[in-house]
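Asks: everything below, folded, please.
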Amino acid sequence: MPPCRSVSERNQLAQANLGLVGYMVGTLRRQHDGLRHLDPDDCFQAGCLGLLRAAAYYDPDCLPCFSSFALMCIRQAILHWAASPRAQSLATLDPERVESWEPATPEPPGPPPLAADVEAALTKLPAATRWLLSRRFGLDGRPAWTLEQLGRHLGITKQWAHQRQQRALERLRALLPADGRVDRR
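Replies: The predicted structure follows:
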């Protein structure tokens, strides 16, 4: 569940940080040749969707700096949109010939569904191990954390966070037999 209490709070946070979208559009258009042929306004709109997603999922208790988190979400949204067939077709359209079109509605964000066997195995893990895997891979519906973010939150180095992740994955694999079935006893 997103930490923001209401849509108005999310919108206020996003509106206060709209400059981040413009900054990221300019940066990406300079760095990526594939974005130069796209309309900057279209890139800006895609970035705004990323900003709204960041505002909805930002948790100040876990992530210290909203702008760093938002820039990552904005960048991802712009690059994802630019790679889509819709963006490529818009880049080749003649604006004089376009009468009207309906914008595509974005899919609501959320975690991918887990296989029932993996979910069952996760419930058998200790709470700390479950928490680590959920945060690292975004299994709880929030954006996945980097090893650096995990380390910072736990007060350990990135390398130690990686070792803890590997141990957690080994524990999970131990509960998943070779045929992929979980003993549900």
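
Asks: helix or strand right after the helix or strand that contains Asp117?
Replies: For Asp117, the element it lies in under DSSP states H and E is helix 116-124. Using DSSP H and E, the helix or strand that follows helix 116-124 in sequence is helix 127-137.

Asks: list the buried residues for that next one?
Replies: Thr129, Arg130, Leu132, Leu133, Ser134, Arg135, Arg136 (16 or more other Cβ atoms under 10 Å). (Glycine included, C-beta is placed from N, CA and C.)

Asks: ok, now stretch 36-44?
Replies: Leu38, Asp42, Cys43, Phe44.

Asks: so which strand or helix has the last one?
Replies: When you say that, I think you mean Phe44. helix 40-57.

Asks: what about the closest residue to Ile74 other than its chain neighbours, how many neighbours?
Replies: Setting aside the residues directly before and after it, Ile74 is nearest to Gly50 in space (Cβ to Cβ, 6 or more residues apart in numbering), at 4.0 Å. Burial of Gly50 is recorded as 25 neighbouring residues (other Cβ atoms under 10 Å).

Asks: so which residues of this structure form helices?
Replies: Per DSSP state H, the chain carries helices over the ranges 7-16, 18-31, 40-57, 66-83, 85-91, 116-124, 127-137, 147-154, 158-175.

Asks: now the last one: buried residues?
Replies: Using 16+ other Cβ under 10 Å as the burial criterion, the residues of helix 158-175 that qualify are Ala161, Arg164, Gln165, Ala168, Arg171, Leu172, Leu175.

Asks: send over stretch 8-25 as CSV, restricted to the C-alpha atoms.
Replies: Extracted C-alpha coordinates of stretch 8-25, given in CSV (Å, rounded to 0.1, in the frame of the first residue of the first chain):
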residue,chain,number,x,y,z
SER,A,8,-4.1,15.4,-3.0
GLU,A,9,-1.0,14.7,-1.0
ARG,A,10,0.5,12.7,-3.9
ASN,A,11,-0.4,15.5,-6.3
GLN,A,12,1.1,18.2,-4.0
LEU,A,13,4.4,16.3,-3.8
ALA,A,14,4.5,15.7,-7.5
GLN,A,15,3.7,19.4,-8.3
ALA,A,16,6.4,20.6,-6.0
ASN,A,17,8.9,18.5,-7.9
LEU,A,18,7.9,19.0,-11.5
GLY,A,19,11.2,20.6,-12.2
LEU,A,20,12.8,17.1,-11.8
VAL,A,21,10.9,16.0,-14.9
GLY,A,22,12.2,18.8,-17.0
TYR,A,23,15.7,18.2,-15.8
MET,A,24,15.5,14.5,-16.6
VAL,A,25,14.0,15.0,-20.1
